[in-house]
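Engineer: A predicted structure for the sequence below; I have some questions about it.
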Amino acid sequence: MDSSKRILKAATTEFAKNGFEGARMDRIARRARVNKALIYYHFGSKQRLYHRVLKEQVRDVISYLKARIKETHCLEDILLALATKYHEALKADSSFIPMLLREMATGGKHVKDILSHVIATEVDFRKTLTGVIEEGKRKGLYRNIDCRHAMVSFVGMNLFYLLMAPVINEIWDIKDEKLFRLQRPGHIVDLFINGLKSR
């Protein structure tokens, strides 16, 4: 692993544990086994390093979905791919979960900047996804829903459990979290698609 990759890996661990404000560049340097000056050489600043860590996570999801959309224009297949990718990216031991929780607790400024930038450069992805839903509406398959509300709801259905699993497992007596996580994407897509369908 080259030095920049070691730095990114170490930074992900440090930001997940301590958040942006609490993270320390010297600890990242020690964990990555590099001189602190090398971090600044590669990334410029702590903020730029933090943004890079967040961007890597977001781009991974977007790249996967763009490739999946090229293979199929079936909304159910696209949504299942999206739900599955969320659950893979935010697995139980994911460093991204504490980062997201810390971001939301502090207003989400950094992740909002990253998402705005990534989504702005991925207009085709949004247009394709919206186009599939709009086509279904024209054919009478789906109700006359607002695509924005629909997709925000879909993302929420996925993220809520992933971010709140310890609490939800206790409330709903979920004994086998691994099995529940495997089943979750299919259940979400089934519920969502049936909610879209014309009555």
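Structural biologist: Okay, I see it.

Engineer: low pLDDT regions in the protein?
Structural biologist: Applying pLDDT under 70 to the chain flags the ranges 1, 117-124.

Engineer: And the helices in it?
Structural biologist: For the chain, applying DSSP state H gives helices covering 3-22, 25-32, 36-43, 46-71, 75-89, 96-105, 109-120, 123-138, 147-171, 177-196.

Engineer: what does the third one contact?
Structural biologist: Outside helix 36-43, the residues within contact range by CB atoms under 8 Å, 6 or more residues apart in numbering are 3, 4, 7, 25, 26, 28, 29, 32, 49, 52. All C-beta spots, glycine's among them, are computed from the backbone N, C-alpha and C.

Engineer: I figured the fourth one hits residue 46, correct?
Structural biologist: It stands for residue 25. Yes - at 5.8 Å, residue 25 counts as touching residue 46 under the criterion of CB atoms under 8 Å.

Engineer: Could you tell me which of the contacts of helix 36-43 count as buried?
Structural biologist: 4, 7, 25, 28, 29, 32, 49, 52 (16 or more other CB atoms under 10 Å).

Engineer: so which two of the residues you listed are the farthest from each other?
Structural biologist: With distances taken as CB to CB, the most widely separated pair in the buried ones among the contacts of helix 36-43 is 29 and 52, at 15.6 Å.

Engineer: State whether residue 32 and residue 12 are indeed in contact, as I suppose.
Structural biologist: No - under the criterion of CB under 8 Å, residue 32 makes no contact with residue 12, lying 10.6 Å away.

Engineer: Within its local environment, how many residues does residue 152 see?
Structural biologist: 11 (other CB atoms under 10 Å).

Engineer: now the one 4 residues further on
Structural biologist: In terms of burial, residue 156 registers 9 neighbours under the definition other CB under 10 Å.

Engineer: got the contact list for residue 29?
Structural biologist: Counted by CB under 8 Å, 6+ apart, residue 29 has contacts 10, 35, 36, 38, 39.

Engineer: Most neighbours among those, please name it.
Structural biologist: residue 39 (23 neighbours).

Engineer: how much space is there between residue 151 and residue 78?
Structural biologist: 11 Å (CB to CB, to the nearest Å).
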